[in-house]
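Asks: Model the structure of this input:
(2 chains)
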2 protein chains.
Amino acid sequence: MKKFQAEIKITLKKGILDVQGKAVENALHAIEFPMLNSLRIGKYVEINVEAENEKIALELVTDACNKLVANPIIEDFKIDIKEVVQ
Amino acid sequence: MKKFQAEIKITLKKGILDVQGKAVENALHAIEFPMLNSLRIGKYVEINVEAENEKIALELVTDACNKLVANPIIEDFKIDIKEVVQ
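Replies: The predicted structure follows:
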């Protein structure tokens, strides 16, 4: 079995209101950062995977995201996988 | 002024207990994913920046992260900046 590390970026789908991001953006504008705009906050997940090969690792992580890690109704996710050399 | 998009990955520093990540990992083990381990959950922030050049954009975003977006006492952050071609 090989070891892989997956990085998952989970973002709200376009059109879903990001209240947390809007609050942080307003706070940035209120201090000294009016040039920062369109702030959106998502989740960043790191996870180690044991699998035969990279394809199977990616399938496992995609399955886990759809079932539990992300909410596919309102969120998109993007997975990057790299092998951990021991 | 040019436009840039910054992607910020905010993770808990090593050694800080990630209770949310541990809860999700336990849930994954309880269903059908015992091969997924060491899950850690951070934040993923996308933000648009108006600045003269990439160096200034990076400085602005780093400053905003240290002051408001991240908590530098318990979190690390990593910023990727790319120019938005219009």
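Asks: Spell out which residues of chain A are next to chain B.
Replies: Residues of chain A lying close to chain B by Cβ under 8 Å from any Cβ of the partner chain are A:9-11, A:21, A:24-25, A:27-28, A:31, A:33, A:35-51, A:60-61, A:63-64, A:67-69. (Each C-beta comes from the backbone N, C-alpha and C, glycine too.)
Asks: Buried ones from those, can you make that a PyMOL selection?
Replies: Per 16 or more other Cβ atoms under 10 Å in any protein chain shown, the buried members of these correspond to this PyMOL selection:
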select buried, chain A and resi 9+10+11+21+24+25+28+33+35+36+39+40+41+42+43+44+45+46+47+48+49+50+51+60+61+64+68+69
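Asks: low-scoring stretches of chain A, by residue?
Replies: Applying pLDDT under 70 to chain A flags no residue at all.
Asks: in it, which spans are helices?
Replies: Using DSSP state H, the helices of chain A run over residues A:19-30, A:54-64.
Asks: Mind putting these into a markdown table with distance to A:V85?
Replies: As requested, the helices of chain A are exported to a markdown table (distance: least, Cβ to Cβ, whole Å):
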| stretch | distance to A:V85 |
| --- | --- |
| helix A:19-30 | 36 |
| helix A:54-64 | 13 |
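Asks: Compute the number of surrounding residues for A:K2.
Replies: Residues near A:K2, counting by other Cβ atoms under 10 Å in any protein chain shown, number 15.
Asks: cool, and the one 10 residues further on?
Replies: Burial of A:L12, expressed as a neighbour count using other Cβ under 10 Å, amounts to 19.
Asks: Now the residue nearest to it when sequence neighbours are not counted. Its backbone dihedrals?
Replies: Excluding its sequence neighbours, the residue lying closest to A:L12 (Cβ to Cβ, 6 or more residues apart in numbering or on different chains) is A:D18, at 5.3 Å. A:D18 adopts backbone torsions of phi -100, psi 90, taken as degrees, to the nearest 10.
Asks: wait, what's in contact with A:D18?
Replies: Residues near A:D18 by Cβ atoms under 8 Å, 6 or more residues apart in numbering or on different chains: A:L12, A:R40, A:I41.
Asks: again, but for A:A70
Replies: Taking Cβ under 8 Å, 6+ apart as the criterion, A:A70 is in contact with A:I8, A:I10, A:K43, A:F77.
Asks: Please name the strands paired to the strand ranked longest in chain A in the sheet, noting orientation.
Replies: Among the segments of chain A that qualify as a strand by DSSP state E, the longest is strand A:36-51. Applying DSSP bridges to the sheet, strand A:36-51 is found paired with strand A:2-12 (antiparallel), strand B:36-51 (antiparallel).
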